[in-house]
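A.B. asks: pasted the sequence and its predicted model underneath.
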Amino acid sequence: MVLQNIAVFLISALFSLYIGAVLVRFLLAYARADFHNPYSQALVKVTNPVLVPLRRFIPAIGTVDTASLVLAFVLKLVGILLITAVTGQAFDFAYLLPAALVDLVRSLIWIYIVAMIVQAVMSWMGNTHGNPVASLLYSLTSPILRPIRNIVPLVGAIDLSPLVAILLLQVCLMLLAPLPGVF
């Protein structure tokens, strides 16, 4: 039982970390972030070995890097299958595809929530001008915050748009309740 728990933990952690890296790279490309940034370059180095060959078969659709999404989806499916095999549960393929899709959307939402929280904390620390993490976070969160900033006014010098965005994203997470057996 202990070895089974360790195996599930390791599978879940390793797959989640790599899927997260692929999704962050997808979001940064979609937001047209600076890929000369050292942190962007690190993501490229980690994800290129799998994405470059995959892009030969799966072309981008407009500005959407479909190879990244397909890779994240396939990795999610493999991770769920491995965990199901390790725990000895039966495979339900009708359940597997929607579970993987819902969990990927939940992962994307969590990436945005964490990015907004880190961005807010960094703004409290003082001058973030020239900070490579701050510029990436701004690029990443801008597509979500920009429309909210058009609706929610500043309160003094305080920007409440990240708070509103996080609340809306939390509602989305509640609507996408995790399916059992998904990591």
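C.D. replies: Received it, and whenever you're ready, just let me know what you need. Numbers count the residues shown, from 1 in each chain.
A.B. asks: make it CA atoms for all contacts and neighbour counts henceforth
C.D. replies: OK.
A.B. asks: in contact with the one residue sitting closest to the centre of the chain, which residues?
C.D. replies: Centre of the chain computed as the mean C-alpha position; nearest residue by Cα atoms, centre = their mean is L108, 3.6 Å away. Listed by Cα atoms under 8 Å, 6 or more residues apart in numbering, the contact set of L108 reads L23.
A.B. asks: redo that, cut-off 6 Å
C.D. replies: Applying Cα atoms under 6 Å, 6 or more residues apart in numbering, we find L108 in contact with no residue.
A.B. asks: list the buried ones in the helix or strand encompassing it?
C.D. replies: Assigned by DSSP states H and E, L108 falls within helix 93-124. Residues of helix 93-124 classed as buried by neighbour count (16 or more other Cα atoms under 10 Å): 96-97, 99-104, 106-107, 109-113, 115-116, 119-120, 122.
A.B. asks: how close does the residue nearest to the centre of the chain get to Y30?
C.D. replies: Distance, L108 to Y30, using Cα to Cα, to the nearest Å: 13 Å.
A.B. asks: please apply the same query to R149.
C.D. replies: R149 is 20 Å from Y30, by Cα to Cα.
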